[in-house]
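Visitor: Sequence and predicted structure are below.
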Amino acid sequence: MRGACSFRTAVVAWAAPVASVLALLLMAAPGCGGGAGELSPPAAVTLPPRTLDYVTAVLQTNSRRWMTLQAACRVTVASPQIPQPGNRVTFRSGRLYFQKPGKVHLRVPDSGDPSLKIVGDGQAYQAQMPVFEDRYSGLYGDPVVSRPRRIHFLPADIAYALEPADALRGMGLAFKQTEQFAAIDCLDFVTEPEPSLKVVSSVLFGKRTDTVPQVETFGDDGAIRSRVSRLLIRAEPGLHDEPVPLPHALLIIYPQERTSILMALTDLKLNAELNPELFELTE
């Protein structure tokens, strides 16, 4: 099976960078940091097995409770191609809009001339990055190809991070689990260079919390195209005030070009009507 990888390796790969990012986020939060007492590890709990039907039902139930999202956004981009100390830059006062299925509009800052502007209509996208003197466009399923001066920041990965159930639609599904996690591999049948099943994406499911901490996508060669960690998951009121567990921070990693993007989201609002022009691509 093309694109398959070790489940345990994937879990470890998720946990390592996320731990350091969570520490940074928590230290930056009001009232956190110096003087805090030591935290005790959670007591060991034997978690019941999950089934594919159970996990998909949880994702679909959450999905039905909301259609749009908007949030204030702070973005930190780290890449070897950024010629600044630490190879990173932080943008504040951004705005993120999302509408199912897969439509994304990110603008930083949210007024005046943008440093970053990323728009996706669910199938195609445009990225304008004046701060990096670059602009590019393509389709949601395009590969991530390293090239000089290019820093990828793709709306498809934001879309999967906000609505992981979309990764499952129209795909064959393979299910596996460990004591703490379950995972769904999303499969596509390909005929070239020979008939085989290709893993397009993989959705990690936390059995303790019934939430999704990570979504990975894979290239045609089976290598990881992107890894998105969903951090600081908290419930927001959705349709009929039903709770929707949503990340308040996203960590997007493009391993092949060593780019990492941290998006911190605040003031999340669900199900507000959004202007369709937000998601229109320019000529």
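Guide: That came through fine.

Visitor: Figure out the helix or strand that residue 265 lives in.
Guide: Residue 265 is part of strand 259-270, with elements assigned from DSSP states H and E.

Visitor: Next: residue 60.
Guide: Judged by DSSP H and E, residue 60 forms part of helix 52-63.

Visitor: The residue nearest to the spatial centre of the chain and residue 231: what is the separation?
Guide: Most central in the chain under C-alpha atoms, centre = their mean is residue 161, positioned 3.0 Å from the mean C-alpha point. According to C-beta to C-beta, to the nearest Å, residue 161 stands 10 Å off from residue 231. Heads up, the C-betas are built off the backbone N, CA and C, glycines and all.

Visitor: likewise residue 114?
Guide: For residue 114, the distance to residue 231 (C-beta to C-beta) stands at 25 Å.

Visitor: Kindly report the same for residue 146.
Guide: According to C-beta to C-beta, residue 146 and residue 231 sit 26 Å apart.

Visitor: Please apply the same query to residue 77.
Guide: To residue 231, residue 77 is 16 Å away according to C-beta to C-beta.

Visitor: Just want to know which of these two has more residues nearby.
Guide: Neighbour tally, residue 77 and residue 231, criterion other C-beta atoms under 10 Å: the higher count belongs to residue 77, 25 against 21.

Visitor: For residue 250, see how far away the more buried one is.
Guide: Relative to residue 250, residue 77 is positioned 12 Å away (C-beta to C-beta).

Visitor: Can you pull the residues that touch both of the two?
Guide: The contact sets of residue 77 and residue 250 overlap at residue 261 (C-beta atoms under 8 Å, 6 or more residues apart in numbering).

Visitor: I figured residue 152 hits residue 257, correct?
Guide: Yes: applying C-beta atoms under 8 Å, one finds residue 152 in contact with residue 257, separated by 6.4 Å.

Visitor: So these two - more neighbours on which side?
Guide: When residue 152 and residue 257 are compared on other C-beta under 10 Å, the one with more neighbours turns out to be residue 152, at 22 against 16.

Visitor: Assign residue 220 to helix, strand or coil.
Guide: coil (DSSP: H, G, I helix; E, B strand; the rest coil).

Visitor: How much space separates the residue nearest to the centre of the chain from residue 96?
Guide: Applying C-beta to C-beta to residue 161 and residue 96 gives a distance of 11 Å.

Visitor: Nice, that's everything, thank you.
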